[in-house]
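Chemist: Structure for this input, please:
(2 chains)
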Amino acid sequence: MEFPDGLRYTQTHEWAKRTGNRVRVGITEYAQHEISDVVFVELPKSNLAAMKAKAIAVVESVKAAFDIYAPVSGTVVDTNKSLESDPSLVNKDPYGRGWFYEIEMSDSTEWGSLLTAEQYQAQCTTTH
Amino acid sequence: MTATLKRLPLHELHAQAGAHFGHFGEWEVPLYFSSILEEHDTVRSRVGLFDISHMGEFLLGGREAKKFLDHLLPRRMDRLADGKALYAPLLNENGGIVDDLIVYQLRADQFLLIVNAANIDKDFAWIRERLSAAVELENVSETQCLFSLQGPQAAPVAEAVFRCDFSGLRYYRCLLLKTDWGEVLVSRTGYTGEDGFEVMAEMSRAEFLWRALSEAGKNWNLKPIGFGARDTLRLEAGMLLYGQDMDDSTLAVEAGLEWAVDWEKDRFIGRDRNVREKKEGAPRRLVGFEMIERGIPRHGCPIEKAGGSLGEVTSGSFAPTLKKNIGLGYVACSESRVGNEIEIVIRNQKIKARITPLPFYKRASYGIS
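Modeler: Have a look, this model is predicted:
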């Protein structure tokens, strides 16, 4: 299972990748494996005001729906529309083509509170 | 309070095979082994093996047994003969559904009832209270295992295992076989919309039989199938799940089970109310629908039209074979026509759907009738 070093993570299994003030968000390989076959994704609307730790997207397996939380506060500036036609990208390439949305951070100090790869991996191995 | 979940007798074997477990009522059962989508496709295109030993089995016997069943169930028991089976709702005096079951005639005075796991105690008490003289009821759920072999390649696998020609075994027929695994009841039944068999044997032979079926199936790429795919397969086939799509307060006519009632019978438990509602038109009716807009309907989602409430979704899912989002639910009879556009409320949003004919999925070739 992969926990890429350059990313930050949440306890709720999102990954975050920062470029300047922009943060791209997806769900981790661990999360997609636990959810199993992703058959539906509901993306946030562009320009949505996102609050850290609030649910702003949904991912659904055959059996159930799961909330996707914003790792940081800010404004949604982009979403990955290709997930609407091919939600299985979340399973196939969780850290690449399976990304969900991008947020323009409103408070860059929040970035520091996210988990490192090492911390997140430790969380996954203790809960598993 | 944490109730201890019941487990299948072959739980450990399934765990070793990589099963991911989930809850089904009071049971902890394999949800999937590889993935629900893969397993669903395995059953539609090849053959899959299900462990459904959670289900209940009752033996009902005696000189008056058939006559008793004719009163207990809304089906005409003269349709049955040795080796024949019937699907039937078990109705209460108000016309509601206590359970749905399959009754098999093993001999003229010996019948097998296969009932839903969650209803074993309820059904047993219900039937026992109404037993007439010269009828005996025995709950053999704990001593019998039940496996289901389903898919277009189910017949060759069954024939390889039991070294028997099943081409003459038609839908809803059964055979008692003397096998290496003791006496085994093989019936041409299932809950997937595919051809297939359900196989009942003594619990003590369960592991040997499961291994033999798995081994014989290798030539046809047989896979074990979990309860996740069981649910998507039955939903596509338009089959109801007791406790979800119907319960004690649902009338047979509301649930679309008119076909499983022999209306010409003048006496059976639950008759009067169902006959009346059939004539006058029940206020609500089970319908199938598919989503027009994006969204997966789930159990409990409200169904609306033009701001008014029509009813509720009872089952809903992504349909892997149809590649659509589909569901079952109850709506006011006046709005139940095929083609009618309705709205499913998902996460507080109204999403458009359309009522469709049932079943959603019908297999193309009917090799047997």
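Chemist: Next to chain B, which bits of chain A? Give me the list.
Modeler: Applying the criterion C-beta under 8 Å from any C-beta of the partner chain, the portion of chain A that neighbours chain B consists of A:36-37, A:39-40, A:42, A:58, A:60-63, A:65, A:84. For every residue, glycine as well, the C-beta is placed using N, CA and C.
Chemist: Just the buried residues from the residues you listed, in PyMOL please.
Modeler: Those of the residues of chain A next to chain B that count as buried under 16 or more other C-beta atoms under 10 Å in any protein chain shown are selected in PyMOL with:
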select buried, chain A and resi 36+37+39+40+42+58+60+61+62+63
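Chemist: I'd like to know which of the residues of chain A next to chain B are part of strands.
Modeler: When those are checked against strands using DSSP state E, the ones located there are A:39-40, A:42, A:58, A:60-61, A:65.
Chemist: what's the farthest-apart pair in those?
Modeler: Taking every pair in those and measuring C-beta to C-beta, the maximum separation is 13.2 Å, between A:Glu42 and A:Ser61.
Chemist: any chance of the residues of chain A next to chain B in CSV, with pLDDT too?
Modeler: Below are the residues of chain A next to chain B laid out as CSV (pLDDT from 0 to 100):
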residue, pLDDT
A:Ser36, 95
A:Asp37, 97
A:Val39, 98
A:Phe40, 98
A:Glu42, 98
A:Val58, 98
A:Glu60, 98
A:Ser61, 97
A:Val62, 96
A:Lys63, 93
A:Ala65, 96
A:Glu84, 97
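Chemist: Most widely separated two among the residues of chain A next to chain B?
Modeler: A:Lys63 and A:Glu84 (20.2 Å).
Chemist: any idea which element B:Phe197 lies in?
Modeler: strand B:196-202 (DSSP states H and E).
Chemist: Sheet partners, orientation included, of that strand?
Modeler: Each strand pairing with strand B:196-202, determined using DSSP bridges, is listed with its direction: strand B:144-150 (antiparallel), strand B:182-187 (antiparallel).
Chemist: Please identify the most buried of these.
Modeler: Stretch with highest mean neighbour count among the strands paired with strand B:196-202: strand B:144-150 (a mean of 23; mean count of other C-beta atoms under 10 Å in any protein chain shown).
Chemist: The stretch 1-150 of chain B: helices as residue ranges?
Modeler: Under the criterion DSSP state H, counting those that start in this stretch, the stretch 1-150 of chain B carries helices at the ranges B:11-16, B:36-45, B:65-72, B:120-130.
Chemist: and what of chain A?
Modeler: Taking DSSP state H as the criterion, chain A contains helices spanning A:29-35, A:82-85, A:89-92, A:117-127.
Chemist: Just list whatever residues bridge to the closest residue to B:Ser141 other than its chain neighbours.
Modeler: Setting aside the residues directly before and after it, B:Ser141 is nearest to B:Gly56 in space (C-beta to C-beta, 6 or more residues apart in numbering or on different chains), at 4.3 Å. B:Gly56 has these beta-bridge partners by DSSP bridges: B:Val115.
Chemist: Ignoring the adjacent residues along the chain, who's closest to the most centrally placed residue in chain A?
Modeler: Ranked by distance to the mean C-alpha position of chain A (C-alpha atoms, centre = their mean), the top residue is A:Gly26 at 2.7 Å. Leaving aside its sequence neighbours, A:Gly26 sits nearest to A:Trp99 (C-beta to C-beta, 6+ apart; 4.3 Å).
Chemist: Let's test this: what are the backbone torsions at the one you found?
Modeler: Main-chain dihedrals, A:Trp99, degrees, to the nearest 10: phi -70, psi 160.
Chemist: Wait, it touches A:Val23, no?
Modeler: No: in this structure, A:Trp99 sits apart from A:Val23 without contact. The criterion is C-beta atoms under 8 Å, and the distance is 10.7 Å.
Chemist: quick one, which of the two is more surrounded?
Modeler: Neighbour tally, A:Trp99 and A:Val23, criterion other C-beta atoms under 10 Å in any protein chain shown: the higher count belongs to A:Val23, 25 against 22.
Chemist: Tell me which residues touch that one, please.
Modeler: Taking C-beta atoms under 8 Å, 6 or more residues apart in numbering or on different chains as the definition of contact, the neighbours of A:Val23 are A:16-17, A:71-72, A:74, A:102-105, A:111.
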